[in-house]
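Visitor: Here is my input; please provide its structure:
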Amino acid sequence: MTKDWRVALRSRSPWTTSSAKRKPRSAPESARLARLQRTVRSRSDLKEIWTYIAQDNERAAERVLAQIERRIERLTRYPSLGVANDIRPGLRHLVSYPYRIVYRYDEARDVVTILAIVHGRRNQASAL
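Guide: Residues are numbered from 1 along each chain as shown. Got it, this is the predicted structure:
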């Protein structure tokens, strides 16, 4: 029953168009992706996160890692997306709740380096 009203609503909506009328979106000409580097620590952090969550639920561990990976991939397109770090100049962090992705962006080389992935409740100064 819920599917029927959603389909009916979608077909009457002025904001939707049929897929035949839509033009495929392409990336803007100026869009370029920064290179992505990962430190050994960031890779081991991901393994530890997966291992800890997988003790109770492997599917949940996969979902958390996929969420973190999507956030990291987003940094290649928008490297200044994260918040500047007050504790260590030059570092930034991006939240993928409940974790923080700590990274550095080198504008000259156009490289995003993932330094660590830490739990948000951890003391940030001691984690770095």
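
Visitor: for this protein, what's the longest helix?
Guide: Longest helix in the chain by number of residues (criterion: DSSP state H): helix 58-77.

Visitor: which secondary structure elements does the helix or strand just after it contact?
Guide: Sequence order places strand 83-84 as the next helix or strand after helix 58-77, per DSSP states H and E. Here strand 83-84 touches strand 91-96, going by 3 or more C-beta pairs under 8 Å, 6 or more residues apart in numbering; DSSP states H and E. (C-beta placed from N, C-alpha, C; glycine too.)

Visitor: which neighbours does the strand it packs on have in its sheet, and in what orientation?
Guide: Strand 91-96 pairs in its sheet with strand 83-84 (antiparallel), strand 99-106 (antiparallel), by DSSP bridges.

Visitor: Give me the average confidence score over the longest one.
Guide: Put plainly, it is strand 99-106. Average pLDDT, strand 99-106: 95.

Visitor: Make JSON lines from the strands paired with strand 91-96 and add mean neighbour count and distance to V64 to it.
Guide: Listed next are the strands paired with strand 91-96 as JSON lines, based on neighbours: other C-beta atoms under 10 Å; distance: least, C-beta to C-beta, whole Å:
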{"stretch": "strand 83-84", "mean neighbour count": "12", "distance to V64": "21"}
{"stretch": "strand 99-106", "mean neighbour count": "21", "distance to V64": "8"}
